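Asks: All I have is the shape, not the residue letters:
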């Protein structure tokens, strides 16, 4: 059993049922947990959606002991990654993308997905190698946000960036040694993609070279180590501020 | 042994040695780990600082198995929390504070500390109860940032807010149902404190009432659940943008 094939925890499962974007094969609920309002909500939604749920002995949860499952697990079909061409064919004006170059930590990916959904980002591109994939921990950390945004998996980020540029997207890489600050860019009236780098290595040189702009977050301290999801949050909400106020 | 009395992991210990703000009683290094450049750096800094380090059998690390210690642990005196009056007596013009109302998750507190240091926030206020305290996990997640910012512990957040207002600080609470957006406030030319609420409950009603402004982050999706450290990052870097550009 791949851990990408389960969703665990009350909130994650409720979100997945509400969103309806994942095929849920079965939900198991431990006989030993108290049936609270969240569990009742799950049962109710499962019935509405025609999803089987079973009350099982707690021993059935033994294989999933490493997960903070709260006595409820859903078995799901693997997440459907979107194709970049399909995404581009459907994208509207002033769309935005976040490109992740080598994010290793599941919790960071989960937090990034939440931030992107809250800020109205239209999709997230991850490479098929050298980046954490969407697993159960990511699903849980994303608090269900994963159901509200397409995740686009590509074999080569360099090719993806080239394709975006060919389709009149602007590509912006983040790098600590950049001259421009992230708020110096005018994000309105264009399709843009922001590249965030790995926790330690940052965005790869090849991708920086391929980008239209390179920006940094101005650090106010010699201590220069912002968490990647927090760095993205600063940048992505600045793009939203510009969009909503019309001011750069 | 309180877990607030150890710092674990190569980077956290290196940062603590460089910052020199914590009294380090002893560093133990496992005989079983390879002596890489990071370990050599720790030995070098420890010698410079006159800190004892010992190579010990891996069994000595047994009590700390729950921590990802990488074979190196420093025993330190407890963190010195700062007093609000002392902080205020030293504070300069255009200072900023972040007030945390009931943050429960150690990783969130660690990420918040990093963000605050990177954005040049002058201090963090936490209540002595109903909020996670600075423990080893917080130290580790903060990646050493804890050594670069005063943490102010108060018995009552309401009294602290009142004291700030009496000292001509502006207090800004965050709340999902606020009318104003966080970027509607002009943060320049004032001392301000931003209150961030607990992961689920948000900022308490009493504190919202006591604040000068209440702001929200405009959510672009029904899915309304930004991680607290990511929410703070959006707001705090907006205050920095205004400061550095002079534009609101």
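Replies: Structure's in. What do you need? Since the structure is predicted, the reported quantities are computational estimates derived from the model, not experimental observations. Numbers count the residues shown, from 1 in each chain, chains lettered A, B, ... in the order given.
Asks: Point out where chain A drops to low pLDDT.
Replies: Across chain A, the stretches falling below the confidence threshold (pLDDT under 70) are A:1-4, A:224.
Asks: got the residues of it near chain B?
Replies: With C-beta under 8 Å from any C-beta of the partner chain as the criterion, chain A comes near chain B at residues A:15, A:107, A:111, A:114-115, A:117-120, A:143-145, A:148, A:181, A:183, A:217-221, A:223-227, A:229-234, A:236-238, A:240-241, A:244-245. Where you see a C-beta, it was placed from the backbone N, CA and C, and this is true even at glycine.
Asks: Show me which of the residues you listed are buried.
Replies: Neighbour-count burial (16 or more other C-beta atoms under 10 Å in any protein chain shown) applied to these gives A:15, A:107, A:111, A:114-115, A:117-120, A:143-145, A:148, A:181, A:183, A:217-220, A:223, A:225-227, A:229-234, A:236-238, A:240-241.
Asks: for chain A, what spans make up the helices?
Replies: Counting by DSSP state H, one finds helices in chain A at the ranges A:10-19, A:37-49, A:84-90, A:106-118, A:136-141, A:157-166, A:205-210, A:228-245.
Asks: Mind putting these into CSV with distance to residue B:162?
Replies: Output for the helices of chain A, formatted as CSV (distance: least, C-beta to C-beta, whole Å):
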stretch, distance to residue B:162
helix A:10-19, 36
helix A:37-49, 37
helix A:84-90, 52
helix A:106-118, 32
helix A:136-141, 37
helix A:157-166, 52
helix A:205-210, 49
helix A:228-245, 30
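Asks: To residue B:77, which of these lies closest?
Replies: Residue B:77 lies closest to helix A:228-245 among those, at 29.1 Å (C-beta to C-beta).
Asks: what packs against that closest one?
Replies: Identification of packing neighbours for helix A:228-245 by 3 or more C-beta pairs under 8 Å, 6 or more residues apart in numbering or on different chains; DSSP states H and E yields strand A:96-101, helix A:106-118, strand A:191-197, helix B:106-118, helix B:228-245.
Asks: okay if I get the ones you listed as TSV plus distance to residue A:26?
Replies: Rendered in TSV, the data for these read as follows (distance: least, C-beta to C-beta, whole Å):
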stretch	distance to residue A:26
strand A:96-101	31
helix A:106-118	24
strand A:191-197	36
helix B:106-118	31
helix B:228-245	33
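Asks: can you pull the buried residues of stretch A:190-203?
Replies: In stretch A:190-203, residues buried by neighbour count (16+ other C-beta under 10 Å) are A:191, A:192, A:193, A:194, A:195, A:196, A:197, A:198, A:199, A:202, A:203.
Asks: Distance from that stretch to the middle of the chain?
Replies: 14 Å (C-alpha atoms, centre = their mean, to the nearest Å).
Asks: same deal with stretch A:196-214?
Replies: Here stretch A:196-214 is found 19 Å from its chain centre; the criterion is C-alpha atoms, centre = their mean.
Asks: end-to-end on that stretch?
Replies: 11 Å (C-alpha to C-alpha, to the nearest Å).
Asks: contacts for that stretch?
Replies: When contacts are defined by C-beta atoms under 8 Å, 6 or more residues apart in numbering or on different chains, stretch A:196-214 is touched by residues A:98-105, A:108, A:112, A:157-158, A:161-162, A:165, A:170-176, A:178-180, A:185, A:195, A:228, A:231-232.
Asks: swap in stretch A:227-235?
Replies: Residues contacting stretch A:227-235 (C-beta under 8 Å, 6+ apart): A:98, A:103, A:108, A:111-112, A:115-116, A:119, A:174, A:182, A:194, A:196-199, A:215, A:217, A:226, B:111, B:114-115, B:226-227, B:229-234, B:236-237.
Asks: can you count the residues close to residue A:186?
Replies: Other residues near residue A:186 come to 12 when the count uses other C-beta atoms under 10 Å in any protein chain shown.
Asks: In this structure it contacts residue A:243, no?
Replies: No: counting by C-beta atoms under 8 Å, residue A:186 sits too far from residue A:243 to count as a contact (10.6 Å).
Asks: For the residue lying closest to residue A:238 once chain neighbours are set aside, give me its contacts.
Replies: Computed as C-beta to C-beta, 6 or more residues apart in numbering or on different chains, the closest residue to residue A:238 that is not its neighbour in sequence is residue A:183, at 5.2 Å. The contact partners of residue A:183, taken as C-beta under 8 Å, 6+ apart, are A:238, A:248, B:241, B:245.
Asks: again, but for residue A:163
Replies: If a contact means C-beta under 8 Å, 6+ apart, then residue A:163 has A:84, A:85, A:88 as its contacts.
Asks: one step back: what is the most widely separated pair among the buried residues of stretch A:190-203?
Replies: Of all pairs drawn from the buried residues of stretch A:190-203, the greatest distance, 27.2 Å, lies between A:191 and A:199 (C-beta to C-beta).
Asks: Which one of the buried residues of stretch A:190-203 is nearest to residue A:46?
Replies: Using C-beta to C-beta, the buried residues of stretch A:190-203 come closest to residue A:46 at residue A:196, 36.1 Å.
Asks: how close does residue A:12 get to chain B?
Replies: The span separating residue A:12 from chain B equals 12 Å under the rule C-beta to the nearest C-beta, to the nearest Å.
Asks: Could you give the number of residues near that residue?
Replies: Residue A:12 is flanked by 26 other residues according to other C-beta under 10 Å.
Asks: Excluding chain neighbours, what is closest to it?
Replies: For residue A:12, ignoring the flanking residues on the chain, the nearest one in space by C-beta to C-beta, 6+ apart is residue A:140 at 5.2 Å.
Asks: And that neighbour, how far from residue B:89?
Replies: Taking C-beta to C-beta, to the nearest Å as the measure, residue A:140 and residue B:89 are separated by 45 Å.
Asks: Quick one: closest of the helices and strands packed on helix A:228-245 to residue A:130.
Replies: Residue A:130 sits nearest to strand A:96-101 of all the helices and strands packed on helix A:228-245, at 8.4 Å, using C-beta to C-beta.
Asks: Go through stretch A:25-40 and flag the buried ones.
Replies: A:27, A:28, A:29, A:30, A:39.
Asks: Sitting in strands, which of those residues do you find?
Replies: Applying DSSP state E to the buried residues of stretch A:25-40, the entries found in strands are A:27, A:28, A:29, A:30.
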